[in-house]
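S.K.: Sequence and predicted structure are below.
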Amino acid sequence: MAAPVAAGERIGDLLIREGVITKEQLGHALQEQKQNGTRIGYNLVKLGFIQETELTKMLARQYKMPAVDLSRFELDPKIAKLVPADLAVKHLVVPLKRDGRTLTVAMADPTNLGVLDDLKFITRYDIFPVIAGEFTLRGVIEKHYGTNDEQQMASLMQDLEEEQDVEVVEQEEDDVAGAAMQAQMEDAPVVKLINAILTDAVKRGASDIHFECFEFDLRVRYRVDGALHEVMKPPLKMKAALISRFKIMASLNIAERRVPQDGRIKLKMGSKVIDYRVSSLPTLFGEKIVLRILNKDNLTLDLQKFGIEPKAEQDLMEAISNPYGMVLVTGPTGSGKTTTLYSALSQINTVDTNIMTAEDPVEYNLYGINQVQVRNEIGMTFAAALKAFLRQDPNIIMVGEIRDLETGGIAVKAALTGHMVLSTLHTNSAPETVTRLLDMGLEPFNVASALNLVLAQRLARRICGSCKVEYVPTKEEFAGMKVTAETTLREMRFTARAIDDCKPNASAEAAEAVMGYSLDTKVGDITFFKGAGCDVCTGLGLKGRQGLYEVMPMTAKIRRALLQNLSAADLRDLAIDEGMLTLRMDGWLKVLKGITTLEQVLRETSA
């Protein structure tokens, strides 16, 4: 019978006490550890002093955790993608299998409990850790995560050479130094690599490109469907050349590395031109470059395709069809506010209408609309643009964002003097938008008179249509949504119209799921769906994004409540009684239709 393991006993001392290794062997391993910085167990196996299976059994006894022999385990590439490569390499962890909401993860260092919390946050799974031998684990990580960046870059550049129709347009020089540096940056590998990254991101449907500098490496990530994915790690020696090339393409000052800069790149890909908004930010180990991709091919201006529920869509169309008043769209950065505003403008963009917009920056050029770029450094602020607009005989005014009392005051006055005003605001919900305007210093009677409608929105990821399957959520998932299996839709404050509206508006597959639902349907009786993971969605079970909308029209009761200075919570309750669907409720309807998952709704909305 094995002797009990003392708490806190080091693995080297334990192995000596058990007679598995000698003190001399431990000394050799410790010397090797000092040279390469790896753990003692890894070096004992590497030097042949102990079998890895014997070491893992000992570690399992010491830490009271299960052990696994990775040499007999074939890792599923789809499961491997659940953990980012940089995290797997840094912390020596590998996901082995997925069982419901539990992800089994092999790790070399059982004392590294912090990585378990990181994995739970990133993967959204409950983590079950097991011990694996570090020597084999490193081999598995190298096989599945060892992204050969040079091969990846060569592949990207080869794809670019095959097309041979990518070029930068509208490139300007800032100064003589910029021109000199550009000549230096015309090094073929740098130019080809950046062009390849820019085109590859468009092909993958990315919305942003992140180029990041760290102490010992560089990293390129794409944001696809709202989630960041690591793509490659270019050689560190290319850092200065890559940053300078980005800045030259965006007409930025390459000599200025101390302050943030903003610019724009236009890249011609075949017959179409792609716009990139470029932002540089000085960080500890170099400048971080983020590019927002503005691809007109991805711009959908049809409100009916956004997934707004019928009543909410009707309220929105009535509000923007008014000859005067104000419509506000709220939500965090990247939630689709600008797209919603452009879609609303496209509905009312006719020959007999003068539409003027003040934006920072102008993301998409729309025919028939007079768009103005806000430039604070020369005094062309939102407020200054608004004042100028009122002398240009406008019918409809769009303000990119109401940031201060002056802009809000002019916008409200414009709405009260016969103009239709559209704008955005950064708040968490539609009722909070009203209180935010009052907190700015606007008069309640002006806001109550001017405001027609407030729309809050979020973007949730859609279930992949290629691997969509039914499943039963756990009690924990229901608890996260603040419901139980016995909670009815009536208790969640849904109306009969909201449930009925699901049916004609849903796809054939989703309509079958919601047809039998009524206000007395219990949550436990609902058919839930999720993505099982396939090649189309790269094993994630999610593909594309779906809007969640909270549309609050300013009814007579809500206007009176506003004049009484009711709180945001009271306004919310009143709006629900008037038929408003909150973001959480709209998310539930998308779950009923089989469009998204409970996890996504919980992640993007609050109760």
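M.R.: Now that the structure is in, tell me what you want to look at.
S.K.: In contact with T605, which residues?
M.R.: T605 makes contact with R458, L548, T582, L583, R584, G587, according to C-beta atoms under 8 Å, 6 or more residues apart in numbering. To be clear about C-beta, it is placed using only N, CA and C from the backbone, and glycine gets the same treatment.
S.K.: For it, give me the backbone phi and psi.
M.R.: Main-chain dihedrals, T605, degrees, to the nearest 10: phi -130, psi 160.
S.K.: and stretch 495-513, average pLDDT?
M.R.: When pLDDT is averaged along stretch 495-513, the result is 56.
S.K.: if I look at G379, how far off is V372?
M.R.: With distances taken as C-beta to C-beta, to the nearest Å, G379 is found 13 Å from V372.
S.K.: likewise M249?
M.R.: Relative to V372, M249 is positioned 25 Å away (C-beta to C-beta).
S.K.: sec struct for G579, please.
M.R.: Using DSSP: H, G, I helix; E, B strand; the rest coil, the structure places G579 in coil.
S.K.: Enumerate every residue touching it.
M.R.: Applying C-beta under 8 Å, 6+ apart, we find G579 in contact with K311, T495, R497.
S.K.: I'd assumed R497 was in contact with the first one.
M.R.: The one in question is K311. Yes. Counting by C-beta atoms under 8 Å, K311 does reach R497; the two are 6.3 Å apart.
S.K.: So those two - more neighbours on which side?
M.R.: K311 (17 against 13; other C-beta atoms under 10 Å).
S.K.: And the host helix or strand of that one, what does it pack against?
M.R.: For K311, the element it lies in under DSSP states H and E is helix 310-321. If contacts are counted by 3 or more C-beta pairs under 8 Å, 6 or more residues apart in numbering; DSSP states H and E, helix 310-321 sits against strand 325-330, helix 337-347, strand 451-463, helix 496-505, strand 542-553.
S.K.: any chance of those in JSON lines, with distance to K268 too?
M.R.: Shown next, in JSON lines, are the helices and strands packed on helix 310-321 (distance: least, C-beta to C-beta, whole Å):
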{"stretch": "strand 325-330", "distance to K268": "32"}
{"stretch": "helix 337-347", "distance to K268": "23"}
{"stretch": "strand 451-463", "distance to K268": "29"}
{"stretch": "helix 496-505", "distance to K268": "40"}
{"stretch": "strand 542-553", "distance to K268": "27"}
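S.K.: Where among these is average confidence lowest?
M.R.: Note on these: helix 496-505 shows the lowest mean pLDDT, a mean of 64.
S.K.: now stretch 212-232: mean pLDDT?
M.R.: 89.
S.K.: And it, how far out from the chain middle?
M.R.: Stretch 212-232 sits 13 Å away from the centroid of its parent chain (C-alpha atoms, centre = their mean, to the nearest Å).
S.K.: Ends of that stretch, what's the gap?
M.R.: Stretch 212-232 has an end-to-end distance of 11 Å (C-alpha to C-alpha, to the nearest Å).
S.K.: What lies in contact with that stretch?
M.R.: Residues contacting stretch 212-232 (C-beta under 8 Å, 6+ apart): 84-86, 147, 149, 152-153, 156, 197, 200-201, 204-211, 233-236, 238-239, 242-243, 283-288, 334, 459, 461, 542-545.
S.K.: And the pLDDT for the residue lying closest to I499 once chain neighbours are set aside?
M.R.: Once flanking residues are discounted, I499 sits nearest to Y517: 5.6 Å by C-beta to C-beta, 6 or more residues apart in numbering. On pLDDT, Y517 comes in at 77.
S.K.: these two touch, right, Y517 and A496?
M.R.: No. Using C-beta under 8 Å, Y517 is not in contact with A496; the gap is 10.7 Å.
S.K.: Looking at these two, which is more packed in?
M.R.: Y517 (19 against 11).
S.K.: Could you find the closest non-adjacent residue to D360?
M.R.: Residue nearest to D360 in three dimensions, not counting chain neighbours: V374, with 3.9 Å by C-beta to C-beta, 6+ apart.
S.K.: residue contacts, the one you found?
M.R.: A358, E359, D360, P361, M380, T381, F382, A385, G400.
S.K.: One more: L236?
M.R.: By C-beta under 8 Å, 6+ apart, the residues touching L236 are F216, D217, L218.
S.K.: among those residues, which ones are buried?
M.R.: Buried by 16 or more other C-beta atoms under 10 Å: L218, out of those.
S.K.: Which of the contacts of L236 sits closest to Y42?
M.R.: F216 (20.4 Å; C-beta to C-beta).
S.K.: Which of the helices and strands in this structure ranks last by mean pLDDT?
M.R.: Using mean pLDDT, DSSP states H and E, the weakest-scoring helix or strand in the chain turns out to be helix 508-514, at a mean of 44.
S.K.: hmm, back to that, the contacts of L236 in strands, which ones?
M.R.: Members of these lying in strands (criterion: DSSP state E): L218.
S.K.: Span of stretch 372-389 from start to end?
M.R.: Across stretch 372-389, the terminal residues are separated by 10 Å (C-alpha to C-alpha).
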